[in-house]
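J.: pasting the sequence and the predicted coordinates here, then a few questions.
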Amino acid sequence: MPHPDTGLDGEALMTPVTEIAYAKVNVALHVRARRDDGYHALESLFVFAEDGDRLQGWASDDGAIDLTIDGPFGATLDAGTDNLVLRAARALQAYLGEQRGAAIRLTKNLPVASGIGGGSADAAATLRLLARLWDVRIDDGELMALALDLGSDVPACVVSATQMVGGRGERLARHAVEGLDACPMLLVNPGVGVSTARIFAGWDRVDLGPLDGSSLAALRDSGRNDLEAPALAIAPVIGDVLAMLAAQEDVLLARMSGSGATCFALFRSDRALAAAAQAVRQAQPDWWVMETRIRRA
Ligand SMILES: C[C@@](CO)(OP(=O)(O)O)[C@H](O)COP(=O)(O)OP(=O)(O)OC[C@H]1O[C@@H](n2ccc(N)nc2=O)[C@H](O)[C@@H]1O
Ligand SMILES: Nc1ncnc2c1ncn2[C@@H]1O[C@H](COP(=O)(O)OP(=O)(O)O)[C@@H](O)[C@H]1O
């Protein structure tokens, strides 16, 4: 069946509403404690890339949510009921208590299960998309509760701006750091998917202390990703990614994001970013590489 955006002759029929599910990066991620509910208490500085997955939506009045997936990583993801796009849409329908429908097209540009919150960003973008498509206004607190129910990272992804994040992901505070806005950023994934739950389970339960997010220098010198060690134990290739990024010219900071395996590097200039991207692609043609910038807070 043709998608609603094109007729049989390819002619445009309806203009979709579009949202970008911006890739999330943890500039630093301190794990402070294991909580009684099984989640971990975190302190993390979240930034978002200017790029990510793309969602397009068309309203329908039959109450059904129809999801199609394409894009470079589309084939690695199931459009079944567990998909976070469908879970988010169902959650919003239940909250509204009415069955408005939509056809959603997800263009999956981000690798799955890779520490840059692709699924969480998709869920958040779905909430934003459907609120626009159905023209509903949701109270901020209620929107955040809906989001948290879908995953720890989803509230921060709803905002998609630089934030200090605490709790298991529900405590959010906008947090500007000089030098981060629009900073050139490279994302590299060596092609291994890692399970977030498994990486948290490998944390050694040693609290190495709070996060100082007062400056880029503090984030670089005393910031950590406490999930790097358990992730390296499961996927040692992450060490190769980190070494390659750290060796690039004019790199400001290189680290793993989230539970991995994607690593990021921040650069002093667009030129340094382009040179590093080229070097990584040349050395490792099978790795996924994305050149982007940090979204302005
Ligand atoms: C590690 C982080 C850092 O931003 O990112 P990703 O690696 O997923 O991108 C997040 O905390 C991931 O958030 P999210 O991916 O939404 O996780 P959830 O679906 O809520 O939880 C998946 C599993 O991870 C563990 N988990 C998650 C969050 C948290 N604060 N403590 C945990 O222990 C739990 O075992 C949970 O069952
Ligand atoms: N739309 C989606 N995009 C990515 N992953 C999804 C999606 N829906 C469900 N998932 C599942 O969510 C899990 C976490 O995916 P993702 O958010 O990409 O990784 P991470 O939490 O490490 O950043 C994956 O195991 C995947 O199967």
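T.: Sure thing, it's come through. Residues are numbered from 1 along each chain as shown. Ligands and ions are numbered 1, 2, ... in the order given.

J.: C-alpha from now on. contacts and neighbour counts both.
T.: Will do.

J.: ranges for the helices of the chain?
T.: 84-96, 118-133, 140-150, 154-159, 196-201, 216-221, 228-234, 237-246, 270-283 (DSSP state H).

J.: okay, these in CSV with mean neighbour count, distance to ligand 1 and mean pLDDT next?
T.: Below are the helices of the chain laid out as CSV (neighbours: other C-alpha atoms under 10 Å; distance: least, C-alpha to the nearest ligand atom, whole Å; pLDDT from 0 to 100):
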stretch, mean neighbour count, distance to ligand 1, mean pLDDT
helix 84-96, 19, 10, 96
helix 118-133, 25, 6, 97
helix 140-150, 16, 7, 97
helix 154-159, 25, 6, 98
helix 196-201, 16, 4, 96
helix 216-221, 15, 16, 98
helix 228-234, 19, 10, 97
helix 237-246, 18, 14, 98
helix 270-283, 16, 22, 98
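
J.: among these, which comes closest to residue 73?
T.: With C-alpha to C-alpha as the criterion, residue 73 lies closest to helix 118-133 of the helices of the chain, at 10.7 Å.

J.: packing partners of that closest one?
T.: strand 17-34, strand 40-60, helix 84-96, helix 140-150, helix 154-159 (3 or more C-alpha pairs under 8 Å, 6 or more residues apart in numbering; DSSP states H and E).

J.: what sits against residue 248?
T.: Residue 248 is in contact with residue 276, counting by C-alpha atoms under 8 Å, 6 or more residues apart in numbering.

J.: how close does it sit to residue 186?
T.: 11 Å (C-alpha to C-alpha, to the nearest Å).

J.: equivalent analysis for residue 49, please.
T.: 10 Å.

J.: burial measure for the closest residue to residue 131 other than its chain neighbours, as a count.
T.: Nearest residue to residue 131 in three dimensions, chain neighbours excluded: residue 137, at 6.7 Å (C-alpha to C-alpha, 6 or more residues apart in numbering). Using other C-alpha atoms under 10 Å, the number of residues around residue 137 comes to 9.

J.: for residue 137, what are phi and psi?
T.: phi -110, psi 120 (degrees, to the nearest 10).

J.: per-residue confidence at it?
T.: At residue 137, the pLDDT value in this model is 93.

J.: ok, now how distant is it from ligand 2?
T.: 24 Å (C-alpha to the nearest ligand atom, to the nearest Å).

J.: wait, that residue sits on residue 130?
T.: No: judged on C-alpha atoms under 8 Å, residue 137 makes no contact with residue 130 at a distance of 10.4 Å.

J.: quick revisit: for the helices and strands packed on helix 118-133, which one sits closest to ligand 2?
T.: Nearest to ligand 2, of all the helices and strands packed on helix 118-133, is helix 84-96, at 3.8 Å by C-alpha to the nearest ligand atom.

J.: how far does the closest one sit from the chain's center?
T.: 19 Å (C-alpha atoms, centre = their mean, to the nearest Å).

J.: of all residues in this structure, which one is nearest the centre?
T.: residue 117 (2.8 Å; C-alpha atoms, centre = their mean).

J.: nearest spatial neighbour of that one, chain-adjacent residues omitted?
T.: Nearest residue to residue 117, sequence neighbours excluded (C-alpha to C-alpha, 6+ apart): residue 24, at 5.6 Å.

J.: is it true that the one you found touches residue 51?
T.: No: Residue 24 lies out of contact with residue 51 (C-alpha under 8 Å); the separation is 9.7 Å.

J.: neighbour-wise, which of those two wins?
T.: Set residue 24 next to residue 51 and count neighbours by other C-alpha under 10 Å: residue 24 wins out with 28 against 19.

J.: contact partners for the more buried one?
T.: Going by C-alpha under 8 Å, 6+ apart, residue 24 touches 46-49, 116-118, 121, 157, 160.

J.: can I get those in CSV including distance to residue 92?
T.: Formatted as CSV, the contacts of residue 24 follow (distance: C-alpha to C-alpha, whole Å):
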residue, distance to residue 92
46, 25
47, 26
48, 24
49, 26
116, 24
117, 20
118, 19
121, 16
157, 16
160, 19
